[in-house]
Each structure stands twice: as C-alpha cells, then as structure tokens.
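**Q** Coordinates for the following, if possible.
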Amino acid sequence: MNFKLTVCVAVAVLVAYMAIFHIIDTWKQMGAPPRPLPPEPTFSTTSYHYQDEQGREVKVEREYKVTTKLADEETLKKLPPPPPPQTAQ
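**A** Below you'll find the predicted structure:
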C-alpha cells in the first residue's frame, strides 16, 4: 500500500512539472511576435502508380519539378565571396 501511494505521488509530481513547463512555454509564445509563414515550395512532385491485373502495385514513378529561376542581385550580394583557388603542390 505504501509503495502504491509513493508511485502515485511521484507520478502526480511529474505531471505537475510537465504542466508548469507547458504553461510557461505557452505564456512565452503569447508574448512573442507571430511566426512568418513559410515560403511556397519551389518544387512539385507527381507520382504514377502502376498495377497488374490482380490490383497489386508493380511500379511507382515519381517526377520532381524544380524551378530554375536564377537568384536576383540582392541575394547574390548576401552570399559570401567564393574561396580563392587552391594550387596543387
């Protein structure tokens, strides 16, 4: 009986600590500025599923389409300069 009571108290204390940390985390997020939306993905995926006569999946083909839009001048200015070329010794 004493062991069961000790385990019950230990679990209650653990749940109380977790609840306190959750409340503190929620409180901090309420005061923080809203998170910006993630940018739209620059790729798209298409999957083709092939089945045999019994309905079993035989083959799956996936196509990935990636935009080839080049970086603008502002983005290029933010990049670090390229490393100097190394000569073989």
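
**Q** Past the top helix by length along the chain, which element shows up next along the chain?
**A** For the chain, the helix with the greatest residue count under DSSP state H is helix 2-31. Beyond helix 2-31 in the direction of the C-terminus, DSSP states H and E gives the next helix or strand as strand 43-51.

**Q** helices or strands up against the helix or strand just after that following strand?
**A** Following strand 43-51 in sequence order, the next helix or strand is strand 57-66 (DSSP H and E). When contacts are defined as 3 or more Cβ pairs under 8 Å, 6 or more residues apart in numbering; DSSP states H and E, strand 57-66 packs onto strand 43-51. (Each C-beta comes from the backbone N, C-alpha and C, glycine too.)

**Q** Alpha carbons only: can I get the strand it packs on in PDB?
**A** The C-alpha trace of strand 43-51 is given here as PDB (Å, rounded to 0.1, in the frame of the first residue of the first chain):
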ATOM      1  CA  PHE A  43       9.300  22.100 -56.400                       C
ATOM      2  CA  SER A  44       6.400  19.900 -57.100                       C
ATOM      3  CA  THR A  45       6.000  16.100 -57.100                       C
ATOM      4  CA  THR A  46       3.900  13.800 -59.200                       C
ATOM      5  CA  SER A  47       3.600  10.100 -58.600                       C
ATOM      6  CA  TYR A  48       2.500   7.500 -61.100                       C
ATOM      7  CA  HIS A  49       1.400   4.100 -59.700                       C
ATOM      8  CA  TYR A  50       1.200   1.100 -62.000                       C
ATOM      9  CA  GLN A  51      -0.800  -2.000 -61.100                       C
END
